[in-house]
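In: below are the sequence and a predicted model; questions follow.
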Amino acid sequence: MRHLVERAISLILILFAMAVITFFLARVVPADPARLAAGIEARPEQIEAMRKDLGLDQPLYVQFQSYIAGLLKGDLGRSLRTRRPVLEDLKLYFPATLELALVSTFVIILISIPLGVIAAVNVGTWIDYLIRVFVVAAMGIPPFALGLVLQLLFGRWLGWLPLEGRLDQLLSPPPQVTGMFTIDSLLQGNWVAFRSSIEHLILPVTALALGRFAVACLFTRGSMLDVLSRDYIRVARGKGLTEQRIIYRHALRNSVLPVITVLGVQIGYLLGGTILVETVFTFPGLGSYAVSSAVNSDFYSAIGATLVISAMFAIANTVVDLLYRWADPRITI
Amino acid sequence: MFAVASKTGPLESLPLRFRIRLQSRHIPLMLTAFSLLPFVLFSISPETLAPYDPLMISVKERLQPPSSAHWFGTDELGRDVYSRVLYGTRVSLISASIIIALAAVVGISVGTTAGYFGGWIDRIIVTITDMVLAFPAIILAMAVATTLGSGIQNAVLAIAAVSWPVYARLVRGLTLQLRQEEFVQAAYVVGCSWLRVIRKHILPNMLSSIVIRISLDVGFAILSLASLGFIGLGATAPTPEWGVMVSVSRIYFLTEWWIGFFPALAITLLVVLTTLAGDELNDLWNPARKS
């Protein structure tokens, strides 16, 4: 319980720190936000009016106070492009990225652990070697390059999977409950939409997860090798247990534990990767929103999206940490 | 990749020159370094190796598939993709070097200061480091690049701005350990100034850890620069930068795939090779990695 409180406090501190950094990025670094907000052709008095309007004539600490107060109320400013509150935009795009990240994480866990175990059990053989080569190569491929190649191969040449978007254009999105199309279409019982949303996820998830899964796989392999060299495994062998039983009942559980921690770091890379992969697949999520805002110098939207993606990372890390403690009986919460 | 020099053994404290002796276990690293050689050559002298001017527009020859005249084909303006990829090596390698130099210099200065002096200086530096590391790196780099504006210099600055904390954290830890060593304390006792203690007694002893970290980071720097270029916040249009080339090729990618494919391949190859080299260096020099 004490640990839960500690983690909650540290999460709040991290989120606060993120707010501080984004404040500096949004208000201090750019040459003149007022000029940008007022537009290129604004006259000096218009810029001055905009400066007052945005509160930029106030001392820095006052600006910071109102920024934090705004954040707490969910006010992230207004998009300079759409003139809509940034929060409204983010609400629209958040579920898509959450869905993408969750499915990717799930896929990473599902593939990396078995492959890592296979590599470790066959250590030194060609299977192990093949897996390791694949892993190193997968880590080096830029997610956007992989995305483009997948599009070309499976979307264009083979025609198996859709090229872009979240759903077939002829289908209307399922009624919003979670905002995640897979879950919403299931809730609606709409199998056509469900199938379509899954099909639209396959390529982006592959592009996003391949490099990250590689790291988790390598880590599982190392951890499994470590566990397999322990004394209690030797004892189990000495008792005459079958190799299968030793691996599944004795070694697997203990070797999977440390992998949970590496997942936290990987989720960070994964969320970072969304800005690239979503752009490639024109996937309407936070990542592509952040990019289009950034490229169009729409500060408040870009900063808002940065803040939300980073907050997702901080929360994911906290969850991973708690999960680790829950899974490891030697540590009590 | 993760336990980079978290523990230092006795071997670690030996200066670099005593440990390089060619043995059979060095072969993988030599092979990797050898395959990196072409990239180094491309970046030193693309003028002599590239068959065409990377900026020469020739509308008559636009969108040609790979042929003997244009090995990697031509792009939407008829520029030779092969020549542009060669010139791109220089852009990538130079930018990556600047990123790492900036990040390492800032990180090392900040890290040694924190580790050596401790107290409130340390606490402030650790807090700032943790704050920056709490963001997914590329997201923060994107945000910084947004506020700085596009252009390759700004992209380099933005990536350096998010990379230095890794060095600061590593160096701080090492400094904390080294400060306890007798030879460092002895140097302090005989009256060396703090600057001299850091420069002559602490820094040389963590050189190998820093070199390992740098070698592992080259790939990250190249990838980040290409990523920023790809989303439109890095280098700008005519510059033969790989990320930008891939980005511009997106419109044509499904039909004229070669425009983007070869720069993407170049990024992948360079990142894989540098990461491999870093990993092998780590295997050789980092006793904590021996298994």
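Out: Here it is on my side, so go on.

In: from here on, just use CA atoms for contacts and neighbour counts.
Out: Noted.

In: can you pull the contacts of residue 63?
Out: Answering for chain A, as no chain was given. Residue A:63 is in contact with A:55-56, counting by C-alpha atoms under 8 Å, 6 or more residues apart in numbering or on different chains.

In: try chain B instead
Out: B:73-78, B:256.

In: out of these, which is nearest to chain A?
Out: Of all these, chain A sits closest to residue B:256, with 10.3 Å by C-alpha to the nearest C-alpha.

In: so where's the stretch 1-150 of chain B uncertain?
Out: B:1-24 (pLDDT under 70).

In: where along it do the helices fall?
Out: B:27-44, B:46-49, B:81-117, B:119-133, B:137-148 (DSSP state H, counting those that start in this stretch).

In: residues making contact with the second one?
Out: The list of residues contacting helix B:46-49 from outside it, by C-alpha under 8 Å, 6+ apart, reads B:42, B:83, B:86-87, B:90.

In: got TSV for the helices of the stretch 1-150 of chain B, with mean neighbour count too?
Out: Shown next, in TSV, are these (neighbours: other C-alpha atoms under 10 Å in any protein chain shown):
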stretch	mean neighbour count
helix B:27-44	15
helix B:46-49	15
helix B:81-117	22
helix B:119-133	16
helix B:137-148	26
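
In: number of residues surrounding residue A:19?
Out: 20 (other C-alpha atoms under 10 Å in any protein chain shown).

In: doesn't residue A:304 make contact with it?
Out: No - between residue A:19 and residue A:304 there is no contact under C-alpha atoms under 8 Å: 9.7 Å.

In: next to chain B, which bits of the stretch 51-200 of chain A? Give me the list.
Out: Within the stretch 51-200 of chain A, the positions near chain B by C-alpha under 8 Å from any C-alpha of the partner chain are A:136-137, A:139-142, A:144-145, A:148-149, A:151-152, A:156.

In: looking at those residues, which is nearest residue A:108?
Out: residue A:139 (13.2 Å; C-alpha to C-alpha).

In: shouldn't the closest one be within a strand?
Out: No - according to DSSP: H, G, I helix; E, B strand; the rest coil, the state of residue A:139 is helix, so it is not within a strand.

In: and the end-to-end length of stretch B:239-258?
Out: End-to-end distance for stretch B:239-258, by C-alpha to C-alpha, to the nearest Å: 18 Å.

In: next one: the nearest residue to residue B:74 once chain neighbours are set aside from residue A:86, what distance?
Out: Spatial nearest neighbour of residue B:74, chain neighbours left out: residue B:80 (4.7 Å); criterion: C-alpha to C-alpha, 6 or more residues apart in numbering or on different chains. Computed as C-alpha to C-alpha, the residue B:80 to residue A:86 distance reads 43 Å.

In: and these two? Which one has more around it.
Out: residue B:80 (31 against 22).

In: against residue B:250, how distant is the more buried one?
Out: Relative to residue B:250, and taking C-alpha to C-alpha, residue B:80 is found at 17 Å.

In: check which helix or strand covers the closest residue to residue A:55 other than its chain neighbours.
Out: Nearest non-adjacent residue to residue A:55, counting by C-alpha to C-alpha, 6+ apart: residue A:63, 6.7 Å away. If you go by DSSP states H and E, residue A:63 is part of helix A:60-72.
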